[in-house]
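In: dropping a prediction and its sequence here:
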Amino acid sequence: MSTKLNELENATVGMTVGVIEVLCLQSFNYWKNMLQQGQPLSLDPRKLYRGVGANCVNMGSCTMIQFAVGGSLKKVVLGDSGRTQLKPQEEMACGIAAGVVSALAGSPLELVMIQQQRKGTGFFATAGTVANPSTVMRGFTGAAIREGLWTCGYFSIPPIVRRNLREHFPDKFDTDNKARVPAALLGGLFACYLTHPADTIKTCMQGDIERVKYGSFTETAKAVMSESGFTGFYRGATFRYGRMCCAVFMMDYLQCLVGPMLYPAKFA
């Protein structure tokens, strides 16, 4: 999210970046979701990319909202202070707030994708099935927790780490690209392992809309703990961390690339 762009421009950059990330990394998402629900894995591309349309809309809209809200919050925080950079705690607060807001759109779309992955149904048929008040926001609490910390992980952590590496180790990290790798690894680690328990609960709830095995957020947490102990909350974490490291690197890089490409006059 750039303070040089307005809300619509930041939203356009975010949507573009989000869709690119999904198309490249959808298989990681499928494997993670299947492991969390105790389902068998597959290498069949038809299954790996099942629900990719819903996921593109999900990531595109969520990242669009995160960029727009995060960019606006950054401008509000900076105000007329004359500063050009936020303090680390300000960066993180803006990221968390933007992520929670984006879950309002992302949670229903992920519900559609996960139902498609479980049942093999089409997008519109699945959307029609879940489009009722008792189901459409199922898993929202887990999604809000995850999106808040995930957005902080890619929106706030990498710029903080990158700036510190460039400032304190200028000989070793003489370009932003060199500093992006450790920044992405740290951002991905933060985003993955802090949020994975909430993501596992959300995925289990959204995979079981009939509530045969998983009920409310707390009931699902108790069920996972009863089945597998504390480690059960980290089912699929390896695939998610792999995807997140790639995604944090891609999104940190792409937001610096796509913005100037789409709006060169704003970065002149």
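Out: Perfect, I can see it now. Computed from a predicted structure; not experimentally measured.
In: burial measure for residue 80, as a count.
Out: Neighbour count for residue 80, taken as other C-beta atoms under 10 Å: 5. For glycine as for every other residue, the C-beta is placed from the backbone atoms N, C-alpha and C.
In: tell me the contacts of residue 200?
Out: By C-beta atoms under 8 Å, 6 or more residues apart in numbering, the residues touching residue 200 are 36, 224, 232-236.
In: taking those residues, tell me the two that lie furthest apart.
Out: Largest separation among these by C-beta to C-beta: 224 and 236, giving 12.0 Å.
In: can you find the helix or strand in this protein with the smallest mean pLDDT?
Out: helix 237-262 (a mean of 84; mean pLDDT, DSSP states H and E).
In: report the buried residues of that one.
Out: Neighbour counts over helix 237-262 (16 or more other C-beta atoms under 10 Å) mark 237, 239-256, 258-259 as buried.
In: pretty sure residue 135 is touching residue 209, no?
Out: Yes - counting by C-beta atoms under 8 Å, residue 135 touches residue 209, with 5.4 Å between them.
In: give me the common contacts of those two.
Out: 111, 129.
In: now do stretch 46-64: distance to the chain's middle.
Out: Distance of stretch 46-64 from its chain centroid, counting by C-alpha atoms, centre = their mean, to the nearest Å, is 12 Å.
In: avg pLDDT for that stretch?
Out: For stretch 46-64, the mean pLDDT works out to 88.
In: for this structure, which spans come out with low pLDDT?
Out: By pLDDT under 70, the weakly predicted segments of the chain are 1-2.
In: quick one, helices of it?
Out: In the chain, the helices defined using DSSP state H lie at 7-36, 45-48, 52-78, 88-119, 123-130, 140-151, 157-168, 176-207, 217-228, 237-262.
In: turn those helices into JSON lines, including distance to residue 268.
Out: Listed next are those as JSON lines, based on distance: least, C-beta to C-beta, whole Å:
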{"stretch": "helix 7-36", "distance to residue 268": "14"}
{"stretch": "helix 45-48", "distance to residue 268": "42"}
{"stretch": "helix 52-78", "distance to residue 268": "19"}
{"stretch": "helix 88-119", "distance to residue 268": "25"}
{"stretch": "helix 123-130", "distance to residue 268": "41"}
{"stretch": "helix 140-151", "distance to residue 268": "28"}
{"stretch": "helix 157-168", "distance to residue 268": "21"}
{"stretch": "helix 176-207", "distance to residue 268": "19"}
{"stretch": "helix 217-228", "distance to residue 268": "48"}
{"stretch": "helix 237-262", "distance to residue 268": "9"}
